[in-house]
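Student: Provided below for reference: sequence and predicted model.
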Amino acid sequence: MIIKIGRNATLEVHLYPDSAARAAAGAKLDRTHLIDANAEQTIERERTLIENVNVIGLLTSINGHQRERVSDALMAGPPSAPKP
């Protein structure tokens, strides 16, 4: 799924049935032009890689605040089970 965010950013979201499937898919990524959400971007304008439980997000944005907000949202993870 690709989501347009604002005027210039896009978020590519990949959902997997479980964390093992996500990890297997993540191992196949070419990480040479990807950076962690906490890393500073360079002049090469790398895409931001966000991984959590069963989600891989690839964010194309040069806005640091936007990168942080999207990363925080994806890192929140699935909802907790209801308490009995």
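Tutor: Thanks, I have it. Numbers count the residues shown, from 1 in each chain.
Student: The lowest-mean-pLDDT helix or strand in the chain: which residues count as buried?
Tutor: Lowest by mean pLDDT, DSSP states H and E among the helices and strands of the chain is helix 64-75, with a mean of 90. Within helix 64-75, the residues that qualify as buried are 66-67, 70-71, 74, counting by 16 or more other Cβ atoms under 10 Å. Any C-beta I mention is one placed from the backbone N, CA and C, and that applies to glycine too.
Student: any chance of these in JSON lines, with distance to L58 too?
Tutor: JSON lines is the format used below for the buried residues of helix 64-75 (distance: Cβ to Cβ, whole Å):
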{"residue": "Q66", "distance to L58": "14"}
{"residue": "R67", "distance to L58": "12"}
{"residue": "V70", "distance to L58": "10"}
{"residue": "S71", "distance to L58": "12"}
{"residue": "L74", "distance to L58": "11"}
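Student: just how off-centre is the least confident helix or strand of the chain within its chain?
Tutor: Relative to its parent chain, helix 64-75 has a centroid offset of 8 Å by Cα atoms, centre = their mean, to the nearest Å.
Student: again with stretch 60-73
Tutor: 9 Å.
Student: Now do the helices in the protein.
Tutor: 19-27, 64-75 (DSSP state H).
Student: could you dump those to TSV with distance to A39?
Tutor: Output for the helices of the chain, formatted as TSV (distance: least, Cβ to Cβ, whole Å):
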stretch	distance to A39
helix 19-27	17
helix 64-75	10
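Student: circling back: same for the least confident helix or strand of the chain, what does it pack against?
Tutor: Packing partners of helix 64-75 (3 or more Cβ pairs under 8 Å, 6 or more residues apart in numbering; DSSP states H and E): strand 9-15, strand 47-52, strand 55-60.
Student: No further questions, thank you.
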